[in-house]
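Asks: Everything below, folded, please.
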Amino acid sequence: MIKVTLEFANQAELLAYFSAPVPEKVKISATKPSPKAEPGIALESGEFIPASELNKPAPKAVAVSTAQAPTPAPAASPSAAASPTVDYPTLQKAVFALANASREAASEVAASFNVKTFKELSQDQWAPALTAVNTKLESLKVAA
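Replies: You can find the predicted model right below:
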């Protein structure tokens, strides 16, 4: 049995690690790497991905369609209403709270913005996304 422990400095690092795309086939070696070798993943294709590249955030998605993402209803959140600009850590904190309550609900909100993960949103979509996340979180709390 192999035991793996992952350590992250903060939630942003954790989210970046688990949000990064995963190669289809990963070759895992049971041999111990030499002390001078850089850690990473060796793919079956022979390509080696260093660990430093694995923790990089995925590039932002480029919108192809001209359709605009639906704008969710305003939330009762005072932080979203008071500040027209939202930083990503604020959105991320709300997304984590929603995902803890219901991963399906978090996925539904992301899908309403035509993205798979909130990391794919452009900066101008963070405020509407925060509003939608807070609205969904409130509706889950009321239903409970």
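
Asks: drop to CA atoms for contacts and neighbour counts, all remaining ones
Replies: Noted.

Asks: So which elements touch the top helix by length along the chain?
Replies: Taking DSSP state H as the criterion, the chain has its longest helix at helix 126-143. Under the contact criterion of 3 or more Cα pairs under 8 Å, 6 or more residues apart in numbering; DSSP states H and E, helix 126-143 touches helix 78-82, helix 88-101, helix 103-112.

Asks: can I see the domain layout of this structure?
Replies: By the assignment in automatic domain parsing, the chain contains the domains 11-54, 78-143.

Asks: hang on, the earlier thing: will you turn the helices and strands packed on helix 126-143 into TSV that also has mean pLDDT, mean neighbour count and distance to residue 136?
Replies: What follows is the helices and strands packed on helix 126-143, written out as TSV (pLDDT from 0 to 100; neighbours: other Cα atoms under 10 Å; distance: least, Cα to Cα, whole Å):
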stretch	mean pLDDT	mean neighbour count	distance to residue 136
helix 78-82	46	13	14
helix 88-101	91	17	8
helix 103-112	92	17	7
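
Asks: Switch those over to JSON lines; also include distance to residue 14.
Replies: Written out in JSON lines, the entries for the helices and strands packed on helix 126-143 read as follows (distance: least, Cα to Cα, whole Å):
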{"stretch": "helix 78-82", "distance to residue 14": "24"}
{"stretch": "helix 88-101", "distance to residue 14": "11"}
{"stretch": "helix 103-112", "distance to residue 14": "16"}
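
Asks: that older thread, the longest helix of the chain: which residues count as buried?
Replies: The neighbour-count criterion (16 or more other Cα atoms under 10 Å) identifies 126-138 as the buried residues of helix 126-143.

Asks: Many thanks, have a good one.
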